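K.L.:
Using only what follows, build the 3D model:
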Amino acid sequence: MTADFFTHALALGIGATLVMDFWAWFLRRFFNIPSLNYGMVGRWSGHLLRGRFCHENIAKAEPVAGEAAIGWALHYGIGIVFAAMLLALCGPEWRIAPTPLPALGFGLLSVAAPFFILQPGLGAGIAASKTPQPNVARLRSLSAHVSFGVGLYLAALLLAHLL
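P.N.:
Below is the predicted model:
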């Protein structure tokens, strides 16, 4: 792994996460569809560091100092890690000439993280099974992660043209 790899992963991860956030903003602004509260992600991670993985309802858990900033930092940090994973799987050729299928497929597969780690930890159950409308929550997660895949591809295209 070279400095170039990490720089590329950083740029791809930030770019893809920005696209994901733009998609969330668009849905909230024009369709009044709420997105994930990253403060609750920060709260969960704060409790995780104290040894508590699962909550019945993370909103009722004791607040953690700086939870919103922590949650947003994790959101972008995870995006960078996912981008590095994609780059490692696809190899340097993909960085030079990106194609959409690996990025979109990886975005789609990345929905496993909220389904099997985050949602159970927040108290929503596996794949949001404990929420009032599990299928709606699942579709929202899927939509967010597909937008991340689109962002991976768009950021890769931009980087390929800049380099």
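
K.L.:
For the chain, just list every one of the helices.
P.N.:
All helices of the chain, identified by DSSP state H, fall at 3-31, 38-49, 67-90, 92-96, 100-109, 112-113, 119-122, 134-162.

K.L.:
Give the phi and psi angles for Ser129, as a check.
P.N.:
Torsion angles at Ser129 (phi, psi; degrees, to the nearest 10) stand at phi -60, psi -20.

K.L.:
tell me the contacts of it?
P.N.:
When the contact criterion is C-beta atoms under 8 Å, 6 or more residues apart in numbering, Ser129 has no partners at all. (C-beta placed from N, C-alpha, C; glycine too.)

K.L.:
let's see 10 Å
P.N.:
By C-beta atoms under 10 Å, 6 or more residues apart in numbering, the contact set of Ser129 is 115, 119-120, 137-138.

K.L.:
tell me what the worst-scoring helix or strand of the chain on mean pLDDT is packed against?
P.N.:
Scoring the helices and strands of the chain by mean pLDDT, DSSP states H and E places helix 92-96 at the bottom, with a mean of 91. Applying 3 or more C-beta pairs under 10 Å, 6 or more residues apart in numbering; DSSP states H and E, one finds that helix 92-96 contacts helix 3-31, helix 67-90, helix 134-162.

K.L.:
can you tell me how far the closest residue to Trp94 other than its chain neighbours sits from Gly91?
P.N.:
Distances taken as C-beta to C-beta, 6 or more residues apart in numbering put Pro102 closest to Trp94, at 6.2 Å, once the chain neighbours are dropped. Distance, Pro102 to Gly91, by C-beta to C-beta, to the nearest Å: 10 Å.
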